[in-house]
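Visitor: Next one to model:
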Amino acid sequence: MPAHILIVDDDSSHRTVLRTIIEDWGYEVSEAPDGETAVAMTQERPYDTVLMDIRMGAMDGITAHKHIAKHNPSIPVLIMTAYSSINTAVIALKQGAYDYLIKPLDFDVLKLTIERMLDHTRLVEENRSLKEKGADNNQFGMVGNSDRMHELVETITTVAPTHAPVLITGESGTGKELVAKAVFQASERSCKPFVTINCAALSESLLESELFGHEKGAFTGADKRRDGLFWQADGGTIFMDEVGEIPLSLQAKLLRVLQQGELQRVGSDAILHVDIRVIAATNRDLQEEVANKTFREDLYYRLNVIGLEVPSLRERQADIPLLAEHFMKIYADKYSKNVVGFSPQAMDALVNNPWPGNIRELENTMERAVIMATAEYITDRELPASLRNSVPEPAASPRGGDLPLGDVSLENLEKRAVQAALKKHKKKVDAANALGITRATLHSKIKKYGLEEQKKK
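Guide: Here you go, the predicted model:
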């Protein structure tokens with residue numbers, strides 16, 4: 001079913017020209033002669049996009065857009081304006097309009113802009129549909145509907161009940177600790193301890209003491225015996241983040257815990273036995289580390305009995321709107337802000353950003369946006385400048401000067417509009433009414449474009 005576009009303009013001739021060319025592009029088109037009519041029409045049905053002129057009689061485009069956005073903020077609105085009214089168009093952008101184009105329109109630019117707007121509408125509708133069906137995957141606290149996330153959750157559900165070691169890989173900020181907690185929560189050890197340690201945060205000597213414990217007097221400052229994290233996790237699970245940072249000297253001891261369940265406190269010859277499940281995570285390529293002799297091969301294979309790869313955010317782009325809304329709600333509640341959604345431009349910026357920092361970066365961005373928001377909807381003004389710059393160059397026209405019409409002239413469009421009206425209506429009076437012109441004007445245009453002669457042929 002073709003997308004449905006609403007053209008709002010009090011110039012009937014301009015509406016007819018736009019309708020003709022937009023229908024040629026394969027879209028369904030409706031018309032409104034003023035803002036008041038447009039508001040009423042958008043309340044009757046959810047158009048895929050609205051193409052709105054600013055200067056109109058009964059209700060101007062700015063006021064109409066404000067009413068449309070209040071009723072249905074998900075409908076992207078494209079403003080048409082003369083060069084002299086650019087400042088007014090900027091006001092529309094600030095209240096959430098998708099973009100604006102300067103008259104006379106460049107129809108190639110118009111087509112590209114409409115395509116981008118419809119892509120946005122499609123994305124919004126897909127996410128709304130998934131929510132209505134209850135299909136958004138929030139299991140284990142992981143938000144997402146992408147195939148990659150469904151595969152990850154299915155794998156977690158399958159492997160969690162076992163006692164096998166798990167190695168979680170993925171870029172920084174992808175949520176590896178959340179995956180580790182998910183494995184723990186779905187396991188038979190969920191009522192037992194869950195102990196975490198960041199192996200990259202401690203020096204070699206401190207890491208050894210933290211993991212294995214130490215006896216009193218084992219080193220300077222060891223004024224009493226201390227149980228290590230492995231001992232504290234006995235019967236439960238230990239999550240070793242950044243496991244690739246463990247020095248070679250400690251890797252043999254870790255392998256012993258994994259294989260025999262045995263450990264020794266620093267400064268002690270006594271062997272302790274523990275029953276623990278090890279879940280490890282790294283953003284390093286451990287196979288490459290093995291090849292470089294910086295990570296033990298036997299330890300790698302012992303850790304990687306079950307491997308879980310967490311996709312980067314750019315690999316699950318379809319999840320960005322859900323994640324953004326998830327974090328938006330969290331921080332709106334935290335800071336008591338009445339923020340309920342996003343403008344089309346803001347969401348475009350979020351979806352098109354490469355997110356090198358992954359989910360952690362997205363969460364920080366949403367916290368900032370909520371803090372900076374002064375209205376109900378987050379706009380691109382609340383996003384970092386680097387994020388706004390990540391969006392592909394908008395299809396909108398340059399902000400100044402008239403634009404060439406490319407290969408499609410207004411005369412050609414007018415001719416096609418007249419042809420279309422004559423073809424659709426048997427009586428010329430009906431064709432003239434459809435075009436918004438008098439019969440005399442229609443006859444002059446038929447003569448001007450030689451349409452009578454063409455009809456006779």
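
Visitor: Next, Y100: secondary structure please.
Guide: strand (DSSP: H, G, I helix; E, B strand; the rest coil).

Visitor: Verify the stated contact: D53 with R15.
Guide: No - counting by C-beta atoms under 8 Å, D53 stays clear of R15, with 9.0 Å between them. In short, each C-beta sits where N, CA and C put it, glycine included.

Visitor: Need the nearest residue in space to the residue most central in space within the chain, chain neighbours excluded.
Guide: The centroid of the chain falls nearest to I320 when counting by C-alpha atoms, centre = their mean (2.7 Å). Spatial nearest neighbour of I320, chain neighbours left out: V351 (5.1 Å); criterion: C-beta to C-beta, 6 or more residues apart in numbering.

Visitor: Pass me the low-pLDDT residue ranges in the stretch 251-400 of the chain, would you?
Guide: Low-confidence segments of the stretch 251-400 of the chain (pLDDT under 70): 389-400.

Visitor: 90 instead?
Guide: For the stretch 251-400 of the chain, the stretches with pLDDT under 90 are 266-269, 317-318, 322, 340-349, 351-354, 374-381, 384-400.

Visitor: Can you mark which positions in stretch 23-39 are buried?
Guide: Buried residues in stretch 23-39, counting neighbours by 16 or more other C-beta atoms under 10 Å, are found at 27, 29, 31-39.

Visitor: now, the most widely separated pair of the residues you listed?
Guide: Greatest spatial distance among the buried residues of stretch 23-39 (C-beta to C-beta): Y27 and E36, at 23.8 Å.

Visitor: Correct me if wrong: S268 contacts F212.
Guide: No - contact criterion C-beta under 8 Å: S268 and F212 do not qualify, at 9.2 Å.

Visitor: Compare these two (neighbour count), which wins?
Guide: Set S268 next to F212 and count neighbours by other C-beta atoms under 10 Å: F212 wins out with 23 against 16.

Visitor: hmm, back to that, distance to A281, pLDDT and secondary structure for the buried residues of stretch 23-39 - can I get that in a markdown table?
Guide: Listed next are these as a markdown table, based on distance: C-beta to C-beta, whole Å; pLDDT from 0 to 100; DSSP: H, G, I helix; E, B strand; the rest coil:
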| residue | distance to A281 | pLDDT | secondary structure |
| --- | --- | --- | --- |
| Y27 | 48 | 92 | coil |
| V29 | 53 | 93 | strand |
| E31 | 57 | 93 | strand |
| A32 | 56 | 92 | strand |
| P33 | 61 | 90 | coil |
| D34 | 60 | 91 | coil |
| G35 | 55 | 90 | helix |
| E36 | 58 | 91 | helix |
| T37 | 58 | 92 | helix |
| A38 | 53 | 91 | helix |
| V39 | 53 | 91 | helix |
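
Visitor: Closest one of these to Q259?
Guide: Taking C-beta to C-beta as the measure, Q259 sits nearest to Y27 out of these, at 65.3 Å.

Visitor: got the CA coordinates for stretch 445-455 in PDB?
Guide: Included here for stretch 445-455 are C-alpha records, laid out as PDB according to Å, rounded to 0.1, in the frame of the first residue of the first chain:
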ATOM      1  CA  LYS A 445      -3.600  26.200 -21.200                       C
ATOM      2  CA  ILE A 446      -4.900  23.400 -23.500                       C
ATOM      3  CA  LYS A 447      -4.100  25.700 -26.400                       C
ATOM      4  CA  LYS A 448      -0.700  26.700 -24.900                       C
ATOM      5  CA  TYR A 449       0.400  23.100 -24.600                       C
ATOM      6  CA  GLY A 450      -1.200  21.700 -27.700                       C
ATOM      7  CA  LEU A 451      -3.300  19.300 -25.800                       C
ATOM      8  CA  GLU A 452      -6.300  19.600 -28.100                       C
ATOM      9  CA  GLU A 453      -4.200  18.500 -31.100                       C
ATOM     10  CA  GLN A 454      -2.700  15.600 -29.100                       C
ATOM     11  CA  LYS A 455      -6.200  14.500 -28.200                       C
END
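
Visitor: pLDDT averaged over that stretch - what is it?
Guide: For stretch 445-455, mean pLDDT is 72.

Visitor: where does M328 land in three-state SS?
Guide: State at M328, reduced to three classes by three-state DSSP: helix.

Visitor: For the residue nearest to it when sequence neighbours are not counted, pull up the helix or strand it's in.
Guide: Distances taken as C-beta to C-beta, 6+ apart place M366 nearest to M328, at 5.4 Å, with adjacent residues excluded. Assigned by DSSP states H and E, M366 belongs to helix 358-372.

Visitor: Closest to A92 out of the buried residues of stretch 23-39?
Guide: Of the buried residues of stretch 23-39, the one sitting nearest to A92 (C-beta to C-beta) turns out to be G35, at 11.8 Å.

Visitor: Test my guess that that closest one contacts R55.
Guide: No - using C-beta under 8 Å, G35 is not in contact with R55, being 10.2 Å away.

Visitor: just to revisit the earlier point, same drill for D53 and R15, tell me which one is more crowded.
Guide: Counted by other C-beta under 10 Å, D53 and R15 do not tie: D53 has more neighbours, with 25 against 22.

Visitor: give me every residue that touches that one.
Guide: Contacts for D53 (C-beta atoms under 8 Å, 6 or more residues apart in numbering) come out as 8-11, 14, 61, 79-81.

Visitor: distance between the ends of stretch 372-382?
Guide: Counting by C-alpha to C-alpha, to the nearest Å, you get 6 Å between the two ends of stretch 372-382.

Visitor: Just the buried positions in that stretch, please.
Guide: Residues of stretch 372-382 classed as buried: 373, 375, 377-382 (neighbour count, 16+ other C-beta under 10 Å).

Visitor: chain center to the helix or strand hosting E154: distance?
Guide: Take DSSP H and E as the rule and E154 turns out to sit in helix 147-159. Averaging C-alpha positions (C-alpha atoms, centre = their mean, to the nearest Å) puts helix 147-159 21 Å from its chain's average.

Visitor: Tell me the helix or strand right after it.
Guide: strand 166-169.

Visitor: Sheet-wise, list the partners of that next one with their directions.
Guide: Using DSSP bridges, the strands paired with strand 166-169 are strand 277-282 (parallel), strand 306-309 (parallel).
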